[in-house]
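1. Give me a 3D structure for the following:
(one chain, ligands or ions: 1)
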Amino acid sequence: MSAPLLQVNDLKKHFPVRGGLFSRKSNWVYAVDGVSFEVERGETLSLVGESGCGKSTVGRAILRLFDITAGQVVLDGQRIDGLSPRNLLGMRRRVQVVFQDPFSSLNPRMRVRDILAEPIRNFGLAKSSAELEARVLALMDTVRLPRDVLDRRPHEFSGGQRQRIGIARALAAEPELIVCDEAVSALDVSVKAQIVNLLQDLQREFGLALLFISHDLAIVEHMTHRVAVMYLGKIVEMAPKQTIFSAPKHPYTRALLSAVPVPEPGATRSPTVLKGDVPSPINPPSGCRFHTRCPFVFDRCRTEEPEFRLAGDGEWVACHLDALPELPGPPGDPRPVPPNSTPVE
Ligand code: SF4
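-> A predicted model of the protein is given here:
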């Protein structure tokens, strides 16, 4: 079996908090605090979680948009976390990104033709200007944009069209992995579906791996192979899509899923409403980081951090419980109400 395309081992990214008269470092934000996962060739792994959980920081660390605090990022067997800027060029071609806001990530002064030609030139992927032009035209076809808009600028397109340009720009480098950082979050529902379908088609056509960073579990369910759920800088559960959506093993995953609509009429997921806000990543809770909001918390959770352990076929979970207890049923149900939970009315 070949090695995974991407391996992330115990990745940490801590940002200093500065304050006072001399802007001295006064604390740390533990944005990502020991995250490990792999992405296979041609696979979609979704990183999900609430805003501020560290999922975008993971994506940016893989893209080497900043230096990491600790851990390893390995692309096709080669560590890329310590590469010098000079040696990063090859890696930058192989790992591309599509950001949430295509408007701010596309240079408003450049024509689409130049936006697409730039990575082809930078990575030396065309031997002549005729080949460059042919590649640019082929990219327009690939993302299903008409060729006659090549001389327009980003502000002349709709949000969905701009995201197609962003995808075409990523494809121009002939990547093996695309980090999609909330790539469809800003789009209308129907446009969102079109872009997701396009990404799936491109994945099949080019054998692309996708790291799909999103807070939208309904979209994730539609397009992913595996899911990694993050909470306060750590992955708390990782499993194949079917397992996560049908039988989540972590209380936080179950709470996130309870807000996702079920397509079958009349069907519902066990309802859970979490109390309180996500704690600050500057001072995360002791033991299990989720213990301040967990409906099933018990003494051990407050002092002992749960191991991220194998809990089934490809299923990893960080929880002291072997199985999740049932949540209370409707009013009058004799089952006890867990102390931190609020059943949905
Ligand atoms: Fe809840 Fe304890 Fe499991 Fe953490 S370890 S998720 S607090 S039951």
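
2. what residues are up against V35?
-> For V35, the contacting residues are 8, 10-12, 54, 58, 71, 230, 233-235, by CB atoms under 8 Å, 6 or more residues apart in numbering. Where C-beta positions appear, they are placed from N, C-alpha and C, glycine not excepted.

3. Now the residue positioned nearest the centre of the chain: which helix or strand?
-> Among the residues of the chain, the one closest to the centroid is I213, at 1.8 Å (CA atoms, centre = their mean). Per DSSP states H and E, I213 falls inside strand 209-214.

4. Show me what that strand is packed against.
-> Strand 209-214 sits against strand 44-48, helix 55-62, strand 177-181, helix 189-206, helix 217-223, with contacts defined as 3 or more CB pairs under 8 Å, 6 or more residues apart in numbering; DSSP states H and E.

5. okay, the fourth one in PDB with CA atoms only?
-> Backbone C-alpha positions of helix 189-206 (Å, rounded to 0.1, in the frame of the first residue of the first chain) are rendered in PDB as follows:
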ATOM      1  CA  VAL A 189     -27.700  27.300  -1.400                       C
ATOM      2  CA  SER A 190     -28.200  26.500  -5.100                       C
ATOM      3  CA  VAL A 191     -24.800  27.900  -6.100                       C
ATOM      4  CA  LYS A 192     -23.200  26.000  -3.200                       C
ATOM      5  CA  ALA A 193     -24.600  22.700  -4.600                       C
ATOM      6  CA  GLN A 194     -23.200  23.600  -8.100                       C
ATOM      7  CA  ILE A 195     -19.700  24.300  -6.700                       C
ATOM      8  CA  VAL A 196     -19.700  21.100  -4.600                       C
ATOM      9  CA  ASN A 197     -20.800  19.100  -7.600                       C
ATOM     10  CA  LEU A 198     -18.000  20.700  -9.600                       C
ATOM     11  CA  LEU A 199     -15.400  19.900  -6.900                       C
ATOM     12  CA  GLN A 200     -16.600  16.300  -6.900                       C
ATOM     13  CA  ASP A 201     -16.400  16.000 -10.700                       C
ATOM     14  CA  LEU A 202     -12.900  17.500 -10.700                       C
ATOM     15  CA  GLN A 203     -11.800  15.100  -7.900                       C
ATOM     16  CA  ARG A 204     -12.900  12.100 -10.100                       C
ATOM     17  CA  GLU A 205     -11.400  13.600 -13.200                       C
ATOM     18  CA  PHE A 206      -8.000  14.500 -11.800                       C
END
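
6. and the angle from the strand holding I213 to strand 44-48?
-> 20 degrees (axes from the mean of the first three to the mean of the last three CA atoms, to 10 degrees).

7. Quick check: can you name the pairing partners of strand 209-214 and their directions?
-> strand 44-48 (parallel), strand 177-181 (parallel) (DSSP bridges).

8. Report the distance from it to the chain centre.
-> With CA atoms, centre = their mean, to the nearest Å as the basis, strand 209-214 stands 5 Å off its chain's centre.

9. any residues touching it, and which ones?
-> Contacts of strand 209-214 (CB under 8 Å, 6+ apart): 5-6, 39-48, 55-56, 58-59, 62, 176-185, 199, 203, 220, 223-224.

10. Residues contacting the helix or strand V236 falls within, please?
-> Using DSSP H and E, V236 sits in strand 234-240. Applying CB under 8 Å, 6+ apart, the contact partners of strand 234-240 are 33-37, 54, 225-230, 244, 248-250, 252-253, 289-290, 308, 312-319.

11. same question for it, mean pLDDT?
-> For strand 234-240, mean pLDDT rounds to 98.

12. elements contacting the following helix or strand past that strand?
-> Downstream of strand 234-240, the first helix or strand assigned by DSSP H and E is helix 241-246. Counting contacts by 3+ CB pairs under 8 Å, 6+ apart, helix 241-246 packs against helix 217-223, strand 226-231, helix 251-257.
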